[in-house]
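S.K.: Make a model of this:
(one chain, ligands or ions: 1)
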Amino acid sequence: MVSARAFGKLILIGEHAVVYGCPAIAAGIDKGARAWARAGVPESRLSLGVSQVAARDSSESARAFRALLEHLQAASGNRSAVAVEVTLDLPAGVGLGASAAIAVAIARAACAALGIQANDALVLKAANAWESVFHGNPSGVDVAAAMAAGPIWFVRGSAPSPLPCARSLCLAVALAGPPAATHRMVDLVRQLHDLEQGRFSERIGRVGELAQRAKSALARGDLVELGRCFDANQRELEGLGVSTAELEHACRTARGAGALGAKLTGAGGGGAVIALCDGSAEDVLQAWSRLGVQAFAAEVAASPSPPDPDPDPGAP
Ligand code: PMV
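M.R.: As a prediction, this is how the structure comes out:
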């Protein structure tokens, strides 16, 4: 039996806009999925909490598992069966990337059990095959963040790049609304896109500018500016129709408790809100707890700037 782990994620800037080619910033968090895999079994099976499926079944999770395994088999030529068991230590369906974390953990563990050389590109593609079953048109940001330790810059169709982050980020995460289906929210946004293309592109353009501003704020360690970007992104998400009264109330409560900025994270329609805190998440967590909202703190560690690839040879 071998095991592998993958992270859940927070989208700091750019959910939904990322589906239309806009850059997004996301970061893995220290909660996620662990998969245990065993080869030498008669048929491929997946056990996820109380649910158990065989890869040949017709349920959505069986089809996703089959799509993932077929990808690994096609790439490696290894058609052996594998039994996988997954545990999750973050809530599902609330925008924290549970599905992508499960997929990445399964792909890594299955590769290890089957003796397949698991490079990142293979795991990424296999996990995206899983994601496609659940939501049809994933941008890939969840899977990319599930595989990365720190913040990433993600543009659909390109390899994600690690983002320099001069100061660690202290975030409070609230489960502010009921779970919502990502594919339903993505469909809702697509309807808006089809209805008013001009205004939609302007909005997406503004989110792209916010992503650029947030990227430089991260690099400088300017948390006040990053908080402003969170708030402005939340307004754009409200304009896209994916926010809810509960999520907005949680954002206002967080700002009232001293957060530098707050926004929904993930597909919206319910689910999670993140608040950027100044030093400690305690005041925001307490304010949410008074509302009866379940919440936890998450840290995104500072990450160094890459070395200058072309230092000036004439410099002293
Ligand atoms: O599945 P969620 O809630 O983490 O949302 C994924 C992010 C979206 O931008 C809404 C969809 C996508 O594929 O990028």
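
S.K.: how about the helices in this protein?
M.R.: 60-76, 98-114, 120-135, 141-147, 182-195, 197-220, 223-239, 245-256, 282-291 (DSSP state H).

S.K.: Tabulate the ones you listed in JSON lines, adding columns for mean neighbour count and distance to the ligand.
M.R.: From N, CA and C alone the C-beta is placed, and that goes for glycine too. Listed next are the helices of the chain as JSON lines, based on neighbours: other CB atoms under 10 Å; distance: least, CB to the nearest ligand atom, whole Å:
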{"stretch": "helix 60-76", "mean neighbour count": "20", "distance to the ligand": "14"}
{"stretch": "helix 98-114", "mean neighbour count": "28", "distance to the ligand": "7"}
{"stretch": "helix 120-135", "mean neighbour count": "21", "distance to the ligand": "6"}
{"stretch": "helix 141-147", "mean neighbour count": "28", "distance to the ligand": "5"}
{"stretch": "helix 182-195", "mean neighbour count": "16", "distance to the ligand": "4"}
{"stretch": "helix 197-220", "mean neighbour count": "17", "distance to the ligand": "11"}
{"stretch": "helix 223-239", "mean neighbour count": "20", "distance to the ligand": "10"}
{"stretch": "helix 245-256", "mean neighbour count": "19", "distance to the ligand": "12"}
{"stretch": "helix 282-291", "mean neighbour count": "18", "distance to the ligand": "20"}
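
S.K.: pLDDT weak spots in the stretch 201-316 of the chain?
M.R.: 305-316 (pLDDT under 70).

S.K.: Residue of it closest to the ligand, please.
M.R.: Gly266 (2.9 Å; CB to the nearest ligand atom).

S.K.: returning to what we had before: CSV for the helices of the chain, including distance to Lys9?
M.R.: Converted to CSV, these look like this (distance: least, CB to CB, whole Å):
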stretch, distance to Lys9
helix 60-76, 18
helix 98-114, 7
helix 120-135, 12
helix 141-147, 3
helix 182-195, 13
helix 197-220, 16
helix 223-239, 16
helix 245-256, 18
helix 282-291, 20
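
S.K.: Would you agree the residue of the stretch 201-316 of the chain closest to the ligand is in contact with Thr182?
M.R.: Yes: proximity of Gly266 to Thr182 meets the contact threshold set by CB atoms under 8 Å, at 7.3 Å.

S.K.: which neighbours do the two share?
M.R.: Shared contacts of Gly266 and Thr182 (CB atoms under 8 Å, 6 or more residues apart in numbering): Gly95.

S.K.: pLDDT averaged over stretch 102-122, what's the number?
M.R.: Here stretch 102-122 scores 95 as its mean pLDDT.

S.K.: State the separation between it and the centre of the chain it belongs to.
M.R.: 19 Å (CA atoms, centre = their mean, to the nearest Å).

S.K.: Same question for stretch 246-266.
M.R.: For stretch 246-266, the distance to the chain centre is 19 Å (CA atoms, centre = their mean).

S.K.: ok, now stretch 138-154?
M.R.: With CA atoms, centre = their mean, you get 6 Å for stretch 138-154.

S.K.: Now the terminal residues of it, how far apart.
M.R.: End-to-end distance of stretch 138-154 (CA to CA, to the nearest Å): 13 Å.
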